[in-house]
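sequence first, predicted coordinates after that:
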There are 2 protein chains.
Amino acid sequence: MQEYFQEKDLLYFTYPKGKRLFVNQEICEGVMCLLSGKIRVFSTSYNHKEITLFFLELGEFCVLSASCVLPSFELDITLEVQEKSQIALLPSQKVKALSKENTRFALKVNEIINKRLSQTLQVLTSVAFTPLQQRIKDFLLQSHQEVLYITHKELANHLGSAREAISKTLKEMKQRGEIDLQRGKIIIKNL
Amino acid sequence: MQEYFQEKDLLYFTYPKGKRLFVNQEICEGVMCLLSGKIRVFSTSYNHKEITLFFLELGEFCVLSASCVLPSFELDITLEVQEKSQIALLPSQKVKALSKENTRFALKVNEIINKRLSQTLQVLTSVAFTPLQQRIKDFLLQSHQEVLYITHKELANHLGSAREAISKTLKEMKQRGEIDLQRGKIIIKNL
């Protein structure tokens, strides 16, 4: 995407761990690129349950934060800074101008949104069709870690489930010897 | 969208009720426009469960069927003709050429995909966060009909649920006097 604008068009920000950006309510700053750190993108329910849609990849451009300048874009999502993160921002005004002037830029934005649609559809089919136990297993295996530092509540928020259901399922998995549980930790044994 | 191409660019097809088109496997024909009838767009699981993503609106263009010419578009969805339907098709080759030549066309495609992303996210949050009984209620109320001709299996396929769960919940709703149930029919009484 870098070929469409100049270095001087970008603004740089550093966000602390825990910072939340509310797309469509608070921010419409522009297209952001994650330079370092970790940012989770999720959707929330009226009763404060959460479900992760995707994580921004390093060097990846996120068009969601420019939603106000994209036509018919009605999303209510939150970006959560999970580790101190640095971003480069292409401001909304510049995004708007480039979209109108440059077909290849418009197609690039198009490509990014297509990817988000594919990812959201994957999460949807997982929630609708895959039993919770399998979804927990998939999450643990995809982390490629032997020890995960995550609370049951955080895992519930990731999978769009209730804390109670997560704890019950983890306990069953522990009884089968698949994992071990310690405060704030899940140790993978034999998945 | 009509301003971007000429009448002679379009092909016309009529599909019978029950016809299914498998996007990404069988067809990549182009951008289609529903002229008459009713087409449901849904996603399926490995074990043949289904969940409705949206219905095409009359006169609305559907870019999903041109997924092969859109970048990073990886979807596995099915279009089901629910009533005999007539469509106008802008062939893939033409879509590809227009996307490259015309910024406004590219932005229009962009707009349609944004809408699909919003709709998919709505279905996702509904599945993840809303209890099945409320989702059935919402479906019945949104139909704006007093009598719905729909089987429990069809309702399950619409909501991405199991037939057994739907039947159990409908029975509870009947016991509370909210609906009445007859073979292949749901009669709304006091929702």
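That came through, no problem. Residues are numbered from 1 along each chain as shown, chains lettered A, B, ... in the order given.

in chain A, which spans are helices?
For chain A, helices defined by DSSP state H occupy the ranges A:92-101, A:103-129, A:132-142, A:152-159, A:163-175.

low-confidence ranges, chain A, go.
A:24-28, A:67-74 (pLDDT under 70).

domain ranges for it?
A:2-128, A:130-188 (automatic domain parsing).

quick one: end-to-end distance for the first one.
Okay, so that is domain A:2-128. Domain A:2-128 stretches 37 Å from its first residue to its last (Cα to Cα, to the nearest Å).

that domain vs chain B: in contact?
Yes: interface with chain B: domain A:2-128 contributes A:43, A:45-47, A:49, A:51, A:53, A:70-75, A:77, A:99-103, A:106-107, A:109-118, A:120-121, A:123-125, A:127-128 (Cβ under 8 Å from any Cβ of the partner chain). C-beta coordinates here come from the backbone N, C-alpha and C atoms, glycine included.

among those, name the buried ones.
A:43, A:49, A:51, A:53, A:70, A:73, A:75, A:77, A:99, A:102-103, A:106-107, A:109-118, A:120-121, A:123-125, A:127-128 (16 or more other Cβ atoms under 10 Å in any protein chain shown).

next, the contact list for the nearest residue to A:Phe129 once chain neighbours are set aside, please.
Leaving aside its chain neighbours, A:Phe129 sits nearest to B:Ser45 (3.5 Å; criterion: Cβ to Cβ, 6 or more residues apart in numbering or on different chains). Going by Cβ atoms under 8 Å, 6 or more residues apart in numbering or on different chains, B:Ser45 touches A:Thr125, A:Ala128, A:Phe129, A:Thr130.

reformat those residues as a markdown table; add distance to A:Lys137.
Shown next, in a markdown table, are those (distance: Cβ to Cβ, whole Å):
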| residue | distance to A:Lys137 |
| --- | --- |
| A:Thr125 | 16 |
| A:Ala128 | 17 |
| A:Phe129 | 15 |
| A:Thr130 | 10 |
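
nearest to A:Ile188 among those?
Nearest to A:Ile188 among those: A:Thr130, at 19.0 Å, using Cβ to Cβ.

so what's the residue count around that closest one?
Counted by other Cβ atoms under 10 Å in any protein chain shown, the residues lying close to A:Thr130 total 15.

for it, what are its contacts?
Counting by Cβ under 8 Å, 6+ apart, the residues that A:Thr130 touches are A:Asp138, B:Ser45.

distance of it relative to A:Gly160?
According to Cβ to Cβ, to the nearest Å, A:Thr130 and A:Gly160 sit 12 Å apart.

now do A:Gln145
According to Cβ to Cβ, A:Gln145 stands 22 Å off from A:Gly160.
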